[in-house]
Structures are given as C-alpha cells and as structure tokens.
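**Student:** Give the three-dimensional model of this entry:
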Amino acid sequence: MPPHKKRRAPGRKRPKFSPVDSEAFRVARFTAGLSLEAAAAFLQVTTRTIRNWESGSVRISYPAFRLLRVRAGMAMPFDGWDGWHVGKDGTLWSPARQSFRPKDLEWLSLVFAQARQWRKDRGLT
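**Tutor:** Numbers count the residues shown, from 1 in each chain. Purely as a prediction, here's the structure:
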C-alpha cells in the first residue's frame, strides 16, 4: 500500500457526507454581496472553481460553503451558536431576535467582572 494512503480501522465507517446544494451556495454568495471574482478571492480558489460549484458539475467544499455563510451573516463559525447570526452592519442577532451592537458589548466584560466582585463581597461565590 502506498505510504500516502491510510487504512481505516476495522469496523469504522466513513462519515456521512451531505453534499452542499449549488443553489444554496449561490444564495450564500449573493447574500454576502460577492461577485464571482470577489468570492473566488475570498475563498482562495479560481473563478472557474466557483462557476463549477454553482453549476453543480463539481462537489462544493463544505468548509468553503460554511465560510461563505459566515461571511454572509447566515451562520456562526462555532458550535453552540445555533440560531445566532451577524447582520451586514455587524449587529449580532440572537435566536430570540434580540440585537447586540458592538458598542452594546464593549463593556460586557466589565459588567461581568463587577458582578463577580459583587458576589464575592457578599460571600455568594
């Protein structure tokens, strides 16, 4: 066996593959406001690759699709943020439709530090 090919452990199955829909990719690109050229530059691929993905002739890279959705504000990049998204103006939206602007969050760490100190002063920690 060539050294670059690895064998799977016995009994271990391949992970399930969910192909990315070419139309979903196109929608994410348009939502992000990216032209073919801008999307190619952003994802570090050629415009031909973008065209092939959008035509459905080539399987779309899931990491590229996910990154494009993050850029478009359609998804968050980390686990635990399901339902949250970032608007084009930089506003963070919760699943409950609560908005948080960058200025709203500037002092959040200070508020938490004050709350921790308040609990400590009252022996609640």
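**Student:** By mean pLDDT, flag the weakest helix or strand of the protein.
**Tutor:** In the chain, no helix or strand scores lower on mean pLDDT, DSSP states H and E than strand 85-86, which sits at a mean of 79.
**Student:** Pull the distance from it to the chain's centre.
**Tutor:** Put simply, strand 85-86 sits 9 Å off its chain's centre (CA atoms, centre = their mean, to the nearest Å).
**Student:** go on, stretch 19-31?
**Tutor:** When distances are taken as CA atoms, centre = their mean, stretch 19-31 is centred 14 Å away from the chain's centroid.
**Student:** pLDDT of it, averaged?
**Tutor:** Mean pLDDT, stretch 19-31: 91.
**Student:** can you check stretch 102-113 too?
**Tutor:** For stretch 102-113, the mean per-residue pLDDT is 84.
**Student:** Identify the residues contacting that stretch?
**Tutor:** Here stretch 102-113 makes contact (CB atoms under 8 Å, 6 or more residues apart in numbering) with 90, 92. Placement of C-beta: from N, CA and C, glycine included.
**Student:** I appreciate the help and will end here.
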